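[1] 3D model of this:
(4 chains)
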Number of protein chains: 2
Amino acid sequence: MARKPADQSVSRDEILVAAAEVLQRNGYEAATMKDIAAAVNLTAASLYHHFRNKDTLMLAVLEAGLSHIMGRIEPIAHDTKVPSAIRLRRMIAEHIIGLTQNTAVGAAMVFEIRTLMTFRLPVGDALSIQEQEFAARRDAFFARRDEFELLFRHVIRQGIDSGEFRPVDVPIFTKTLLGAHNWVGVWYKPNGRLDGAGIAERTADYFLAALRQNEPQG
Amino acid sequence: MARKPADQSVSRDEILVAAAEVLQRNGYEAATMKDIAAAVNLTAASLYHHFRNKDTLMLAVLEAGLSHIMGRIEPIAHDTKVPSAIRLRRMIAEHIIGLTQNTAVGAAMVFEIRTLMTFRLPVGDALSIQEQEFAARRDAFFARRDEFELLFRHVIRQGIDSGEFRPVDVPIFTKTLLGAHNWVGVWYKPNGRLDGAGIAERTADYFLAALRQNEPQG
DNA sequence: ATTATAATCAAATACGGGTTTGATTGTTCG
DNA sequence: CGAACAATCAAACCCGTATTTGATTATAAT
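    As a prediction, this is how the structure comes out:
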């Protein structure tokens, strides 16, 4: 039925990896299908065999990136036998190290999100089937992104309830935390003073300090 | 020599404001000169009377935004009679409130920065005069942006030196702080549960808690 | 008034890039 | 083998958009 990937043929995943890199370098609009295709030794036309269009391709990049990081953080978040402080520290480390290891996806998650957010679906006219599918996938992506945020919220909430953490405004604290993380994906450069682990360690230190109960002073 | 702005004529500043809004809605590449022009009841061609080209226009938007926020934060940072903790709290508030008051510029400062960063100046060929000017302005913008970050670094450094704050990795702490701020410009929506002041208050609370000296416990 | 220039627009230009089409080649399965 | 389909490309299509050009009008300075 289907042919097995031969020497010359390029897998969907390879395209996604290459596309993420091109997106990081250029941004969505500036990244041409030709650029992305060239990164895997294809022509632009060939990409349309794998993806319906450019939008779908970018969405697939974001989906893959989110799935990957979710897969790594979800187990940590759900390991409720571990104290919240330790879980949170591990989640922070995993997230930041993940972002620094794959800066392409890290930057895409920050910058290209807006391309999705501001997506101009034709208003007034009825949506074509393709457009409906795309809108649904986009919505699903954002839902999954909310779930990701909830992982952090829950751990913080649990820490507060258990008395490990002082009470904070959980939504705001979480957005503060994730904003700091995302920004790492923007400024991080390999060969800097610190590697991902070093940045993660310090970041976790600061946020856990912010959550620490105020011991009676004296 | 020059005519006074008449009823019909549009000022450079009005264009910048409108452009910021269009940029926020659509992003740099998706925002057309026609869109921006329409926002001030002009044609695309007329914009070229005010700005050399699209790149220059966007850079001017960012410059104006950065100048505005710098102007508000610099005096606070330099008021060294005030304790570092209070100064930092005020700077955080000013920054976040500023971002929430002008979400257009706030989002542009996050998203369009990359457009500048990844700017493809023709390599190999000699740069034209225009390109040289643009490159210089872009560099100046980033330098000014570094200065902005330094305002925060210095206050934190001073707080550590004076013993108000515990020792932290100042560059990382600052990037963490500013990342959280920038992210506010992305997720903030008017009519949410909290206004800018509420978000600012909580954010400052968390970061100052992270800087608090650990009192001997017990 | 006359001149210079600020501010504007309509129309033309130039060109890049997303997408489609149609053909070709190989592979797998029955 | 032969049918079906996966994977690819060259070439064409189409359209949008940044930018230029040339003309027009209003204002300010002399």
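
[2] show me where chain A has its helices.
    A:12-26, A:33-39, A:44-50, A:54-78, A:84-101, A:103-117, A:129-161, A:170-187, A:196-211 (DSSP state H).

[3] so who does A:L194 touch?
    When contacts are counted by CB atoms under 8 Å, 6 or more residues apart in numbering or on different chains, A:L194 touches A:202, B:172. From N, CA and C alone the C-beta is placed, and that goes for glycine too.

[4] in a markdown table: the helices of chain A, plus mean neighbour count, distance to DNA strand C and mean pLDDT.
    Shown next, in a markdown table, are these (neighbours: other CB atoms under 10 Å in any protein chain shown; distance: least, CB to the nearest atom of the strand, whole Å; pLDDT from 0 to 100):
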| stretch | mean neighbour count | distance to DNA strand C | mean pLDDT |
| --- | --- | --- | --- |
| helix A:12-26 | 20 | 9 | 91 |
| helix A:33-39 | 19 | 4 | 95 |
| helix A:44-50 | 14 | 3 | 95 |
| helix A:54-78 | 18 | 3 | 95 |
| helix A:84-101 | 21 | 26 | 97 |
| helix A:103-117 | 22 | 12 | 84 |
| helix A:129-161 | 16 | 9 | 94 |
| helix A:170-187 | 22 | 23 | 96 |
| helix A:196-211 | 20 | 31 | 98 |
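
[5] indicate which one of these is closest to B:H50.
    Nearest to B:H50 among those is helix A:103-117; the distance by CB to CB comes to 26.1 Å.

[6] Serialize the helices of chain A to CSV and add fields for distance to DNA strand D.
    Putting the helices of chain A into CSV (distance: least, CB to the nearest atom of the strand, whole Å) gives the following:
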stretch, distance to DNA strand D
helix A:12-26, 8
helix A:33-39, 7
helix A:44-50, 3
helix A:54-78, 13
helix A:84-101, 27
helix A:103-117, 14
helix A:129-161, 16
helix A:170-187, 24
helix A:196-211, 33
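
[7] just send these back as a markdown table, with distance to B:M109 too.
    A markdown table is the format used below for those (distance: least, CB to CB, whole Å):
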| stretch | distance to B:M109 |
| --- | --- |
| helix A:12-26 | 19 |
| helix A:33-39 | 26 |
| helix A:44-50 | 33 |
| helix A:54-78 | 22 |
| helix A:84-101 | 20 |
| helix A:103-117 | 13 |
| helix A:129-161 | 22 |
| helix A:170-187 | 12 |
| helix A:196-211 | 22 |
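
[8] closest to B:R144 out of those?
    helix A:170-187 (16.4 Å).

[9] is chain B contacted by the closest one?
    Yes - Helix A:170-187 reaches chain B (CB under 8 Å from any CB of the partner chain) through A:171-173, A:175-184, A:186-187.

[10] of all the helices of chain A, which one comes closest to B:E112?
    Nearest of the helices of chain A to B:E112, taken as CB to CB: helix A:103-117 at 9.7 Å.

[11] what's that closest one packed up against?
    helix A:12-26, helix A:54-78, helix A:84-101, helix A:129-161, helix A:170-187, helix B:103-117 (3 or more CB pairs under 8 Å, 6 or more residues apart in numbering or on different chains; DSSP states H and E).

[12] how about 10 Å then?
    Judged by 3 or more CB pairs under 10 Å, 6 or more residues apart in numbering or on different chains; DSSP states H and E, helix A:103-117 is in contact with helix A:12-26, helix A:54-78, helix A:84-101, helix A:129-161, helix A:170-187, helix B:12-26, helix B:103-117, helix B:170-187.

[13] what sits against A:R138?
    A:55, A:59, A:62-63, A:116-117, A:119, A:121 (CB atoms under 10 Å, 6 or more residues apart in numbering or on different chains).

[14] go again with 7 Å.
    Going by CB atoms under 7 Å, 6 or more residues apart in numbering or on different chains, A:R138 touches A:59, A:116, A:119.

[15] same question, A:M109
    A:M109 is in contact with A:62, A:65, A:182, A:185, counting by CB under 7 Å, 6+ apart.

[16] repeat for A:K54
    By CB under 7 Å, 6+ apart, the residues touching A:K54 are A:M33.

[17] same check, this time on A:K175
    Contacts here follow CB under 7 Å, 6+ apart; on that basis A:K175 touches B:183, B:187.

[18] make it 10 Å
    A:149, A:152-153, A:169, B:180, B:183-184, B:186-188, B:199, B:202-203.

[19] got it, and A:H95?
    A:69, A:72-73, A:76, A:106, A:148, A:151-152, A:177-178, A:181-182, A:184-185, A:196, A:200, A:203-204.
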